[in-house]
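>>> Just a sequence and a predicted model for now, questions to come.
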Amino acid sequence: MATPRKYLPGPLKNVVYVTFCLHLTSFLSGVRPAEHLYSVVKVWSHGDVQQGSLGSSNSYVCTMSYCMKHFLCWNYKVLESWSRLDVFSLTHVLYFLCPFSVVSMFLNTLTPKFYVALTGTSSLISGLILIFEWWYFRKYGTSFIEQVSVSHLRPLLGGVDNSSPTNSNTINGEADSSRQSVSECKVWRNPLNLFRGAEYNRYTWVTGREPLTYYDMNLSAQDHQTFFTCDSDHLRPADAIMQKAWRERNPQARISAAHDALELEDCATAYILLAEEEATTIMEAERLFKQALKAGEGCYRRSQQLQHHGTQYEAQHRRDTNVLVYIKRRLAMCSRKLGRTREAVKMMRDLMKEFPLLSMFNIHENLLESLLELQNYADVQAVLAKYDDISLPKSATICYTAALLKARAVSDKFSPEAASRRGLSTAEMNAVEAIHRAVEFNPHVPKYLLEMKSLILPPEHILKRGDSEAIAYAFFHLQHWKRVEGALNLLHCTWEGTFRMIPYPLEKGHLFYPYPICTETADRELLPMFHEVSVYPKKELPFFILFTAGLCSFTAMLALLTHQFPELMGVFAKAFLSTLFAPLNFIMEKVESILPSSLWHQLTRI
């Protein structure tokens with residue numbers, strides 16, 4: 001019985017080996033194989049001529065004979081090398097097609113334990129990759145493998161560089177949408193922000209959790225420096241101390257600096273800092289704000305008389321105006337929190353009349369919340385008519401308050417069954433359209449109003465149309481929706497219809513601009529880590545997470561079946577591998593039948 005041919009013949013294997021070494025050295029040296037072969041032959045020939053010339057340096061005939069000799073040697077070596085390259089192109093295929101019998105013999109010697117170890121290891125590795133991919137996706141919102149592929153492998157595979165001139169038109173064409181995205185992702189100060197000492201710190205004492213992020217507090221520090229400082233603060237010692245206090249990161253250092261400033265004079269900004277951070281109750285904060293009001297009014301009157309004497313006095317008057325407006329607004333909020341809602345409404349109205357141009361504090365949102373608490377819906381409608389204008393930036397408070405007023409007219413008699421039978425009336429249609437408008441502006445709010453997600457303390461800054469704004473709105477307005485009978489039921493039945501109207505919210509909008517794509521990133525910086533940020537539109541799981549999950553499950557199932565039924569799985573594995581290699585065996589048989597039987601002998605003699 002003839003033994004099967006396991007390997008290539010020895011001389012042919014040497015040819016393959018030499019050719020492989022030629023390719024390897026050419027790859028390491030950075031030149032093509034032909035150039036490398038030419039340089040090798042040139043060096044050999046040059047060395048032979050030098051050796052020959054040492055013995056017959058004065059003989060012209062000898063020199064010519066040596067040159068002809070080495071020229072023929074050089075041509076022979078080149079032709080021989082190119083013939084070896086041609087042989088390599090043939091034997092490179094034959095070298096891998098020959099030992100199929102060896103593969104079959106190797107597979108026959110494998111035991112079921114090998115298959116158990118193989119499938120178990122594959123399942124373990126794919127499971128670890130799946131866990132890492134899921135953690136990375138939950139934290140950063142993208143797939144790690146996909147990100148690495150796009151960032152590093154795409155340029156290697158011929159990806160287009162973003163800096164190429166061909167993309168200039170695309171970049172210029174997307175400039176307008178980028179500007180719109182930046183404006184939509186602007187962070188705003190929360191007009192209903194809580195007190196740090198009396199509310200945020202009390203939450204920390206009870207739960208041990210920090211409700212504010214470093215990014216949020218850093219934005220507040222920047223706001224304080226913008227509102228409460230100016231270039232002339234160095235002229236007054238107390239203001240110079242407070243200018244440094246607003247930049248301090250340590251709360252105790254800020255409080256200590258405020259006390260140092262009050263020892264010099266009655267400083268309004270020092271009272272503000274103590275009321276915000278040191279006071280542990282709203283009543284104590286109100287007392288400090290009243291002291292700040294007395295000091296702030298005196299500074300405001302003095303700077304008002306000198307505001308036209310130069311740019312320095314004008315900046316000082318602007319600073320004193322911001323301080324006075326901030327104090328009066330916080331005093332009105334203290335009255336609202338202490339139950340004196342009518343007094344708070346009066347203070348807010350007076351403040352809006354006295355300083356109509358200072359819309360940056362959004363005092364009208366404080367007024368809307370207080371009027372809803374008084375159930376004075378007519379005044380609420382009047383405020384909305386003034387501020388729900390297309391020229392002003394929208395907010396969740398304006399959109400959802402308008403929806404609440406329209407839902408209030410029909411919610412007490414609304415029934416989904418009756419509406420499906422007879423259709424929606426005009427008033428009901430207006431209410432549904434108002435809800436759709438509000439949901440399109442901020443789709444995160446309904447889950448908090450319907451108590452499908454738990455609320456947390458609102459941050460000091462919000463992102464319009466983001467999860468942070470939804471939390472801030474629902475935290476203060478959930479009680480107003482509950483007070484209107486049937487309003488939450490109407491919201492529950494109709495809010496999801498908005499998403500059928502806007503199937504691709506990142507590409508187009510219905511009543512507003514397309515939903516910005518940057519809200520998730522900004523909200524993760526504004527909201528604490530223990531809160532699960534609401535994401536819209538909901539991201540689908542990346543392909544690589546699904547792939548690794550399927551691979552892990554499949555290999556784990558194979559490992560279990562191989563462990564339980566080793567013989568049967570061994571038969572299946574051999575049948576699968578034989579089926580896999582069947583086309584290659586067929587090609588090999590055809591090649592052997594076509595090529596002459598003396599081919600191997602001829603190849604070995606090259």
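Noted; the coordinates are in hand.
>>> Could I get the full set of strands for this structure?
For the chain, the strands defined by DSSP state E occupy 187-189, 461-463.
>>> contacts for the first one?
In other words, strand 187-189. The list of residues contacting strand 187-189 from outside it, by C-beta atoms under 8 Å, 6 or more residues apart in numbering, reads 219-220, 223, 360-362, 460-464, 522, 526. The C-beta positions use only the backbone N, C-alpha and C, and glycine is treated the same way.
>>> Of the residues you listed, which is the nearest to residue 419?
Lowest distance from residue 419 to these (C-beta to C-beta) belongs to residue 464, with 32.0 Å.
>>> Near the closest one, how many other residues are there?
Under the neighbour criterion other C-beta atoms under 10 Å, residue 464 is assigned a count of 20.
>>> can you check the one 3 residues further on too?
As a burial measure, residue 467 scores 29 neighbours (other C-beta under 10 Å).
>>> I'd say it and residue 445 touch.
No. Counting by C-beta atoms under 8 Å, residue 467 sits too far from residue 445 to count as a contact (9.4 Å).
>>> picking up where we left off before, report the two of the contacts of strand 187-189 separated the most.
Farthest-apart pair in the contacts of strand 187-189 is 361 and 522; separation 21.2 Å (C-beta to C-beta).
>>> returning to what we had before: can the contacts of strand 187-189 go into JSON lines with extra columns for pLDDT and distance to residue 261?
As requested, the contacts of strand 187-189 are arranged in JSON lines below (pLDDT from 0 to 100; distance: C-beta to C-beta, whole Å):
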{"residue": "219", "pLDDT": "93", "distance to residue 261": "23"}
{"residue": "220", "pLDDT": "92", "distance to residue 261": "19"}
{"residue": "223", "pLDDT": "91", "distance to residue 261": "19"}
{"residue": "360", "pLDDT": "67", "distance to residue 261": "26"}
{"residue": "361", "pLDDT": "76", "distance to residue 261": "24"}
{"residue": "362", "pLDDT": "86", "distance to residue 261": "29"}
{"residue": "460", "pLDDT": "94", "distance to residue 261": "23"}
{"residue": "461", "pLDDT": "94", "distance to residue 261": "26"}
{"residue": "462", "pLDDT": "94", "distance to residue 261": "31"}
{"residue": "463", "pLDDT": "92", "distance to residue 261": "34"}
{"residue": "464", "pLDDT": "90", "distance to residue 261": "35"}
{"residue": "522", "pLDDT": "88", "distance to residue 261": "34"}
{"residue": "526", "pLDDT": "92", "distance to residue 261": "30"}
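>>> from those, which ones fall inside helices?
219-220, 223, 522, 526 (DSSP state H).
>>> quick one: which of the residues you listed has the most company?
Per-residue neighbour counts (other C-beta under 10 Å) across those peak at residue 526, which has 27 neighbours.
>>> Of the strands of the chain, flag the one that's most buried.
Highest mean neighbour count of the strands of the chain: strand 461-463, a mean of 27 (counted as mean count of other C-beta atoms under 10 Å).
>>> List the strands paired with that strand, with their directions.
Partners of strand 461-463 in the sheet, by DSSP bridges, are strand 187-189 (antiparallel).
>>> for the partner strand, what is the average pLDDT?
Here strand 187-189 scores 91 as its mean pLDDT.
>>> and residue 167, what pLDDT?
44.
>>> How about residue 55?
Looking at residue 55, its pLDDT reads 42.
>>> can you check residue 303 too?
80.
>>> residues touching the closest residue in space to it that isn't next to it in sequence, list them.
In space, residue 303 comes closest to residue 317 once its chain neighbours are excluded; the distance is 4.0 Å by C-beta to C-beta, 6 or more residues apart in numbering. By C-beta under 8 Å, 6+ apart, the contact set of residue 317 is 300, 303-304, 306-307.
>>> again, 7 Å this time
Going by C-beta atoms under 7 Å, 6 or more residues apart in numbering, residue 317 touches 303-304, 307.
>>> Contact partners for the residue nearest to residue 132 when sequence neighbours are not counted?
Nearest residue to residue 132, sequence neighbours excluded (C-beta to C-beta, 6+ apart): residue 144, at 6.9 Å. The contact partners of residue 144, by C-beta under 7 Å, 6+ apart, come to 132-133, 136.
>>> now, which of those sits nearest residue 335?
Once C-beta to C-beta is applied, the member of those that ends up nearest residue 335 is residue 136, at 48.5 Å.
>>> ok, and the closest non-adjacent residue to residue 435?
Nearest residue to residue 435 in three dimensions, chain neighbours excluded: residue 403, at 4.8 Å (C-beta to C-beta, 6+ apart).
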